[in-house]
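Visitor: Quick one, fold the following:
(one chain, ligands or ions: 2)
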Amino acid sequence: MKKKLDFLDLGQQPLANYYLDKKQIKKKEKKYRLIVSFDSVTKIVSIKKTFSSKMMFNNKYPYRSSMSKTMQTSFKNLSDKIKKKFKPKKILEIGSNDGSFLKNFNKNKTIGIEPCANVEKITKKMKFNTIPEYWGNNLAKKILKKFNQVDLIYSANTISHIKNLDDVFKSINLILSNEGVLIIEDPSLLECLKRNTYDQFYNEHIYVFSFISLENILKKYNLEIFKVENLDIHGGSNRYFIKKKKSKRKVESSVKTQKSKELKYGLHKKITFIKFSERVKESKKKLISIFNKCKSQNKKIIGYGATAKSTTILNYCMIDGSTIDYFLDTTKDKQNKYTPGTKIIIKKYNGSIDKSVDIVFLGAWNFKKEIFKKEKKFIKLGGKFIIHTPYPRII
Ligand code: JHZ
Ligand code: SAH
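Guide: Ligands and ions are numbered 1, 2, ... in the order given. Just a heads-up that it's a prediction; the model follows:
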């Protein structure tokens, strides 16, 4: 029996965070076929074609964690918890981006790893100790020599972006003290399947972890999950608290609960993924029909939040500038550029949605609560949103 199942084909896709300038939209874009596979032995879900870290994360990287209040609050709450519960002497963050997590700690207590020099510059300016390099063995050795071991490592939305997990966890093992804690936060495969958020798959998300797949990976490195928290962040994420096997920390009941939830849903079985892919095809049809209907009624449609996730949706469903007039986004590095593949202009968000707009496609659906609060006026005046999760509809 074949061990790997290619269960989802999301068609030709560009690099999700590669926003185009005026010159670039005239040129042919680099595209690849986005296929997602399930490994029935390791239970790992991953994308088939991958790109080098350098191609994806370099000095032109546009993503900034600080663009949402939701993330800032989440990082602040976690930081308070870490200070209270673990009282770490030294914290290492892998994928520190613009310092949204780090800034909650004393500067002399933290080390940030952020390979995108344009983003790393921001924390350096804030006088944080950040290193513009990719996480891995050489860097771990360097840090070990300079600072010794650390007792807390945090990495959100980053480990799932690194292909060579062997290098990632060997390097973590090297630098984490024996009683130290590793906290990993990434989108939950269970929630992705439940909420039909197929847009969690794009070139940067090499893996979408389940508890069971991560447990399988970690045991090779004598690492063990001792607690799991389910978060609403990014449409359903898991925060895994991990220890060295020999550490005296107790394994909490949330671990067993998460494992049984995933097994009950069938995250270890091929059929679960085949069924998911059928739902994704239905979702595509429905979303296209909603857009077509709105267009036939001459509605003015715009996008809100030019996300990496929306790159997958727009290219998979072939929705371009003939349907969506423009996107609004608060990120400076995305403004006045065009969405990858579909070439829709991204405009600066100036504090409100224009009165002429009838319907807004919510690219940043994961921040729906935050955005709806901000756009009360638009909603009050009858403005509507198109959302694709858990199923495409107008709300
Ligand atoms: P957001 C990126 O994904 C890429 P994206 C990456 N691979 C990943 O895993 C996650 O981040 C963590 C804008 N916005 O966070 C800001 C507004 O304009 O969903 C952002 O451009 N107004 C590393 O891109 C985008 O939406 C607002 O009020 O899918 C949100 O991007 C808010 C709240 C956001 O991540
Ligand atoms: N942790 C933040 C940022 C997530 S974006 C948050 O949760 O909001 C992912 C970040 O990981 C990017 O800033 C990217 O540059 C960084 N990254 C990607 N590959 C990396 C690697 N090999 N080592 C360290 N950081 C990496």
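
Visitor: drop to CA atoms for contacts and neighbour counts, all remaining ones
Guide: OK.

Visitor: residues in contact with T50?
Guide: Listed by CA atoms under 8 Å, 6 or more residues apart in numbering, the contact set of T50 reads K163, N203, I206.

Visitor: filter those residues to the buried ones?
Guide: Listed as buried from these are K163, N203, I206; burial here means 16 or more other CA atoms under 10 Å.

Visitor: Please narrow these to those residing in strands.
Guide: Among the buried ones among the contacts of T50, no member is found in strands (DSSP state E).

Visitor: Would you check which of those are in contact with ligand 1?
Guide: Among the buried ones among the contacts of T50, not one lies near ligand 1 by CA under 6 Å from any ligand atom.

Visitor: can those go into CSV with extra columns for pLDDT?
Guide: Converted to CSV, those look like this (pLDDT from 0 to 100):
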residue, pLDDT
K163, 98
N203, 98
I206, 98
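
Visitor: which one of those residues is nearest ligand 2?
Guide: K163 (8.4 Å; CA to the nearest ligand atom).

Visitor: got the contact list for the longest strand anywhere in the chain?
Guide: Looking across the chain with DSSP E, the single longest strand is strand 176-187. Contact partners of strand 176-187, identified using CA under 8 Å, 6+ apart, comprise 149-160, 200, 208-209, 234-244, 246-249.

Visitor: repeat that for 7 Å
Guide: For strand 176-187, the external contacting residues (CA atoms under 7 Å, 6 or more residues apart in numbering) are 149-157, 160, 208, 234, 236-244, 247.

Visitor: which among the residues you listed end up buried?
Guide: 149-157, 160, 208, 234, 236-244.

Visitor: what ranges do the strands span in the stretch 1-150 of the chain?
Guide: With DSSP state E, counting those that start in this stretch, the ranges of strands along the stretch 1-150 of the chain come out as 4-13, 32-39, 45-47, 91-94, 110-113, 130-131, 150-156.

Visitor: Turn the ones you listed into TSV, columns for mean pLDDT and distance to ligand 1.
Guide: As requested, those are exported to TSV (pLDDT from 0 to 100; distance: least, CA to the nearest ligand atom, whole Å):
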stretch	mean pLDDT	distance to ligand 1
strand 4-13	98	15
strand 32-39	98	15
strand 45-47	98	13
strand 91-94	98	12
strand 110-113	98	14
strand 130-131	98	18
strand 150-156	98	8
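
Visitor: Just want the angle from the longest strand of the chain to strand 150-156.
Guide: Strand 176-187 runs at 10 degrees relative to strand 150-156, counting by axes from the mean of the first three to the mean of the last three CA atoms, to 10 degrees.

Visitor: Next, the buried residues of strand 176-187.
Guide: In strand 176-187, counting by 16+ other CA under 10 Å, buried: L176, S177, N178, G180, V181, L182, I183, I184, E185, D186, P187.

Visitor: for stretch 286-298, same thing?
Guide: In stretch 286-298, residues buried by neighbour count (16+ other CA under 10 Å) are K286, L287, I288, F291, C294.

Visitor: Narrow those residues to those in helices?
Guide: Members of these lying in helices (criterion: DSSP state H): K286, L287, I288, F291, C294.

Visitor: Go ahead and flag the most central residue of the chain.
Guide: N157 (5.1 Å; CA atoms, centre = their mean).
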